[in-house]
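1. coordinates only, sequence not included:
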């Protein structure tokens, strides 16, 4: 029995500790009621979840689930934060992204809670020549500016540095990042950018004359947006960071100076614990790199977290507000120095003023009203988070070592090896999405067919030619687009008749399941009236297994006689004559719905 200090509050000190085996016994009892006969470790395994990267999360973590010592905030290995005070002095830097030359929008954001600007410059974004106009009313000594200019980075960087001089901004007051990321650009476009020598020149100028300005960004978003796992995203960022260290030190910078010129950018997803663990693991991994390079004091990784574009949906985009809120919370808890909340309409085009307001207020509420930044590393000490951080760090390190053993990040991109590994991961995840084992609220679960579309002005075209950009909703979005085209051409959506058998108690669950399933493909379920009245070419039976045994074959025959060209059955019981297929939990919904649309002539 654990004896607590005598503080006047006995709490649970008089109760014996419950052994792990007792908990497993209780779990086995609950599982037995659902038809699973397992016990001991097998009972615990039944409640475990297998993640990507070979990581399994357990249903229960205890003090026996040890992990490497996380240290203290602000000290190596920096797992608990890159600064001793964390974000407690004012919260994280609220960084808003702008890709259009709209000075009013940029100023409005800064006047209403945003603390730094992330500008998409060059290409189809903000012209380099318009940089001064976009920043005309911005106090450059107060608002950090981060550039993202692709192959126009050298020109954009020179223009920003010139602006500092023209406006009399003291060198030590300039803050932000010039955004040089040649490997990130190559990952996006498939073609080399400016050489590292010009980048080294910018880094030298920043190191010597602009202490608050960094020259390079290690952007891991291209790998996340190509479908990579958390460990692959981390591994690619490490390999890119190491490549930049080599280039900068070869150009004459010390390891400490070179590390001080890098800012790392990661995706924050609605999987809050994985995001928290990823950011903590990233700091630990970079601290290990700095230590191996002989500069452990330079291992404090500066992090910029961006809410994941992959998770943003085009249908029911309002749900994106919830996704970005969870992701922002995770980024803050994980210790990110800067956080960009993508507006909820990001996937539809240029965000409007309302969307930008909601995005910036997401951080404000978490910082000012939820007081999230008042605690340093609030997840620290959680057995689950510490163990997940440790396991993710090991998985990422192995992926990083694989890249290095095969010639480094540049070689991996040019050979296609990195792209192949990311594609394998996305293929496996796509299968989970298609079977709805990874649900997407508003898209693959609880879609709203009659929602009013959200129209936005087109956003600047993004760089392409390299790694693909994927979205979780893409397969279902293609199905819904087919349905929309059919609606525009005929005035009605494709329909399916749901034939309920027996009383509501017998059919309600599968009726709701089937209706939800067909809506995800843009197929309108009809539940009222007869099959002839529905105007649907196909039908789906909905009832209990017991009533299927009694009436499925007869009902299927009746539907065929009434004109049903195809009859499905909701569930996965025995085979029945007259039934052409089965719609059940775990089926490939995308394949089933696509085939159904094909049969209905919906192209």
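-> Now that the structure is in, tell me what you want to look at. None of the values given here were measured: they were computed from a predicted structure. Numbering: from 1, shown residues only.

2. for the rest of this, base every contact and every neighbour count on C-alpha atoms.
-> OK.

3. helices or strands up against the longest helix belonging to the chain?
-> Ranked by residue count under DSSP state H, the longest helix found in the chain is helix 383-405. When contacts are defined as 3 or more Cα pairs under 8 Å, 6 or more residues apart in numbering; DSSP states H and E, helix 383-405 sits against helix 230-250, helix 272-292.

4. adding mean neighbour count and distance to residue 534, write those out as CSV.
-> Shown next, in CSV, are those (neighbours: other Cα atoms under 10 Å; distance: least, Cα to Cα, whole Å):
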stretch, mean neighbour count, distance to residue 534
helix 230-250, 24, 47
helix 272-292, 24, 44
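
5. residue contacts, the nearest residue to residue 231 once chain neighbours are set aside?
-> Closest residue to residue 231 apart from its sequence neighbours, by Cα to Cα, 6 or more residues apart in numbering: residue 396 at 4.1 Å. By Cα atoms under 8 Å, 6 or more residues apart in numbering, the residues touching residue 396 are 230-235.

6. identify, from these, the entry nearest to residue 466.
-> The closest of those to residue 466 turns out to be residue 233 (Cα to Cα; 16.0 Å).

7. quick revisit: roughly how far is the longest helix of the chain from the heart of the chain?
-> Put simply, helix 383-405 sits 18 Å off its chain's centre (Cα atoms, centre = their mean, to the nearest Å).

8. can you start the count at 398 instead of 1 from here on
-> Yes, from this point I'll number from 398; that puts the last item at helix 780-802.

9. and the next helix or strand past that helix?
-> helix 806-812 (DSSP states H and E).

10. now do the buried residues in that next one.
-> 806-807, 809-811 (16 or more other Cα atoms under 10 Å).

11. ok, stretch 500-507 next?
-> 500, 502-504, 506-507.

12. residue 472: what secondary structure?
-> coil (DSSP: H, G, I helix; E, B strand; the rest coil).

13. picking that back up, which of the buried residues of stretch 500-507 lies closest to residue 754?
-> residue 506 (7.6 Å).

14. that closest one sits in which helix or strand?
-> Residue 506 belongs to helix 500-508 when assigned by DSSP H and E.

15. ok, for residue 739, nearest residue in space, not its chain neighbours?
-> Excluding the flanking residues, the one nearest residue 739 by Cα to Cα, 6+ apart is residue 704, at 5.9 Å.

16. the residue nearest to residue 912 when sequence neighbours are not counted pairs with what?
-> Among residues not flanking residue 912 along the chain, residue 922 sits closest, at 5.5 Å (Cα to Cα, 6+ apart). Residue 922 forms beta bridges with residue 893, as assigned by DSSP bridges.

17. ok so, going back, out of the buried residues of stretch 500-507, flag the one nearest to residue 523.
-> residue 500 (10.7 Å).

18. for the closest one, give me its contacts.
-> Going by Cα under 8 Å, 6+ apart, residue 500 touches 530-534.

19. the residue nearest to residue 912 contacts residue 915, doesn't it?
-> Yes. Assessed by Cα atoms under 8 Å, residue 922 is found in contact with residue 915 at 6.6 Å.

20. in stretch 646-666, what's buried?
-> 646, 648, 650, 652-666.

21. ignore what I typed, I meant stretch 866-886.
-> 866-874, 876-877, 879-881, 883.

22. stretch 930-941 now?
-> Of all the residues in stretch 930-941, those buried under the rule 16+ other Cα under 10 Å are 931, 933-941.

23. run through who's touching it.
-> 891-899, 903-905, 907-908, 911, 923, 925, 928, 949, 953, 956, 960-968, 997.

24. do stretch 863-882 as well
-> Taking Cα under 8 Å, 6+ apart as the rule, stretch 863-882 contacts 583-588, 619-620, 622-624, 706-712, 816, 827, 830-831, 837, 840-841, 890-891, 917-920, 987, 990-991, 999-1000.

25. would you map the strands across the stretch 648-797 of the chain?
-> Under the criterion DSSP state E, counting those that start in this stretch, the stretch 648-797 of the chain contains strands at 659-665, 700-704, 735-737.

26. elements contacting the shortest one?
-> Where contact means 3+ Cα pairs under 8 Å, 6+ apart, strand 735-737 is packed against strand 490-495, strand 700-704, helix 716-731.

27. kindly recompute the last result at 7 Å.
-> The helices and strands touching strand 735-737, judged by 3 or more Cα pairs under 7 Å, 6 or more residues apart in numbering; DSSP states H and E, are strand 490-495, strand 700-704.

28. before we move on, back to that, identify, from the buried residues of stretch 500-507, the entry nearest to residue 568.
-> When the buried residues of stretch 500-507 are compared for distance to residue 568 (Cα to Cα), residue 507 wins out at 21.4 Å.

29. which of the contacts of stretch 863-882 count as buried?
-> Neighbour-count burial (16+ other Cα under 10 Å) applied to the contacts of stretch 863-882 gives 583-588, 619-620, 622-624, 706-712, 816, 827, 830-831, 837, 840-841, 890-891, 917-920, 987, 990-991, 999.

30. before we move on, back to that, nearest to residue 425 among the buried residues of stretch 500-507?
-> Distances from residue 425 to those, taken as Cα to Cα, are shortest for residue 506 (53.8 Å).

31. could you measure the closest one against residue 962, distance?
-> For residue 506, the distance to residue 962 (Cα to Cα, to the nearest Å) stands at 56 Å.

32. now do residue 972
-> Residue 972 is 18 Å from residue 962, by Cα to Cα.

33. perfect, I'm done here.
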